[in-house]
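Q: Predicted model and sequence below, questions to follow.
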Amino acid sequence: MTTDDSRKVDKYSAPALSKGLDILEFLSKESQGQKKSDIARALDRSISEIFRMLVVLEQREYVAFDAHTERYTLTTKLFEISHRYPPIKRISSIAGEAMQRLAQRINQSAHLLILSEKHVLVIAQVDSPGNNVTSVRLGARIPLFQTASGAVLTAYFTGEDRERLDEDLKLATRTQRKIYQDNCAMVLKKHYCECPSLVIEGVLNISVPIHDHAGDVIAALTIPYIKRLNDPQAVSRTDARKALSETGNAISKLLGASGASA
């Protein structure tokens, strides 16, 4: 960092705000609640300063405190605030009914994802109407290199966006890099991605792009396809993929996209 940059950081520093944001970012990565001592240790802060921040965050309903376990967890407030952001709110609103119809038509769960730095973020989710459900939690953030959705959202990247992505890709395992690159090639050729889940065995992730009025990919519509062995009327993966593509095209057109994917 240059001397000028250092002066700028010092001039505009806000320690209390930084501590509050550190707490939120830390809790967002933890699957279970954390005690204030755990948070203080992880952030290299004193328990007293962390406690003051937690009191304010709890009062503002960004975190919740469980008196029985003495642990703090994130609430859904940040997620709710993000959905007030017009583009996300508009996409979710437009896609909602189409996703419901898709789930009913093919008896598969569906979720809508956008890019969030090095992750994909689930902004809308619909369960299948059947008894057997495979879905992803609303608000979940998943490393983009491990998902079909990530390939759909980034396959068309060029220039500086592609350079930054390639730099991040170096941190992935060799297997993850190979799968991601193969998935991107599939998207560029077929306008969809279909690959086995890297998380749940037996699940086939199928994902298609959602385009805006400028033709840019702004979201991915994905189904974690499962084959039901006791349902003679079960929709095949080929028919499910076709229905998914049709739904993706329909949502894109509602967003102003003029072309349709193959």
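A: Here it is on my side, so go on. Numbering: from 1, shown residues only.

Q: where does this structure have low pLDDT?
A: The model of the chain has pLDDT under 70 over residues 1-12, 80, 82-87, 259-262.

Q: just the helices in it please.
A: According to DSSP state H, the chain carries its helices in the segments 3-11, 15-28, 36-43, 47-59, 77-82, 86-106, 148-154, 159-169, 174-190, 237-254.

Q: Return the most buried member of the ones you listed.
A: helix 148-154 (a mean of 27; mean count of other CB atoms under 10 Å). (Glycine included, C-beta is placed from N, CA and C.)

Q: Can I get that helix in PDB, CA atoms only?
A: Only the C-alpha atoms of helix 148-154 are listed here, as PDB (Å, rounded to 0.1, in the frame of the first residue of the first chain):
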ATOM      1  CA  ALA A 148     -23.000 -26.200 -12.700                       C
ATOM      2  CA  SER A 149     -24.500 -22.800 -11.900                       C
ATOM      3  CA  GLY A 150     -21.100 -21.300 -11.500                       C
ATOM      4  CA  ALA A 151     -20.100 -22.400 -15.000                       C
ATOM      5  CA  VAL A 152     -23.300 -21.000 -16.500                       C
ATOM      6  CA  LEU A 153     -22.800 -17.600 -14.800                       C
ATOM      7  CA  THR A 154     -19.100 -17.300 -15.800                       C
END
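
Q: Mind listing residues that contact that helix?
A: With CB atoms under 8 Å, 6 or more residues apart in numbering as the contact definition, helix 148-154 has outside contacts at 113-115, 120, 142-144, 161, 165, 180, 183-184, 186-187, 192-195, 205-209, 217, 219-220, 222.

Q: just stretch 60-75 next, same as before
A: 23-24, 27-28, 32-36, 39, 54, 57-58, 77-78.

Q: export the helices of the chain to a markdown table and tack on distance to Ser135?
A: Shown next, in a markdown table, are the helices of the chain (distance: least, CB to CB, whole Å):
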| stretch | distance to Ser135 |
| --- | --- |
| helix 3-11 | 42 |
| helix 15-28 | 20 |
| helix 36-43 | 30 |
| helix 47-59 | 29 |
| helix 77-82 | 16 |
| helix 86-106 | 10 |
| helix 148-154 | 14 |
| helix 159-169 | 27 |
| helix 174-190 | 21 |
| helix 237-254 | 15 |
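
Q: And these: which comes nearest Asp231?
A: Comparing the helices of the chain by their distance to Asp231 (CB to CB), the top pick is helix 86-106, with 11.6 Å.

Q: Distance from that closest one to the middle of the chain?
A: The chain centroid and the centroid of helix 86-106 are separated by 16 Å under CA atoms, centre = their mean, to the nearest Å.

Q: ok, now which ones touch Gln146?
A: 176, 198-199.

Q: And Ala98, by the same measure?
A: Applying CB under 8 Å, 6+ apart, the residues near Ala98 are 247, 250-251, 254.

Q: ok, the residue nearest the centre of the chain to Thr173 distance?
A: Central residue of the chain (CA atoms, centre = their mean): Leu121, 1.3 Å from the mean position. Applying CB to CB, to the nearest Å, the value for Leu121 to Thr173 is 22 Å.

Q: For the nearest residue to Leu221 once chain neighbours are set aside, give its distance to Leu204.
A: Closest residue in space to Leu221, ignoring its immediate chain neighbours: Gly248 at 4.8 Å, by CB to CB, 6 or more residues apart in numbering. Distance of Gly248 to Leu204, computed by CB to CB: 17 Å.

Q: swap in Pro196?
A: Relative to Leu204, and taking CB to CB, Pro196 is found at 6 Å.

Q: neighbour-wise, which of these two wins?
A: Leu204 (17 against 13; other CB atoms under 10 Å).

Q: Arg237 is in contact with the more buried one, correct?
A: Yes - Leu204 is within contact range of Arg237, at 6.2 Å (criterion: CB atoms under 8 Å).

Q: what's the burial count for Leu171?
A: Under the criterion other CB under 10 Å, the count of neighbours that Leu171 has is 11.

Q: What about it? Give its phi and psi, please.
A: phi -80, psi -10 (degrees, to the nearest 10).

Q: who touches it in this structure?
A: Leu171 touches nothing, counting by CB under 8 Å, 6+ apart.
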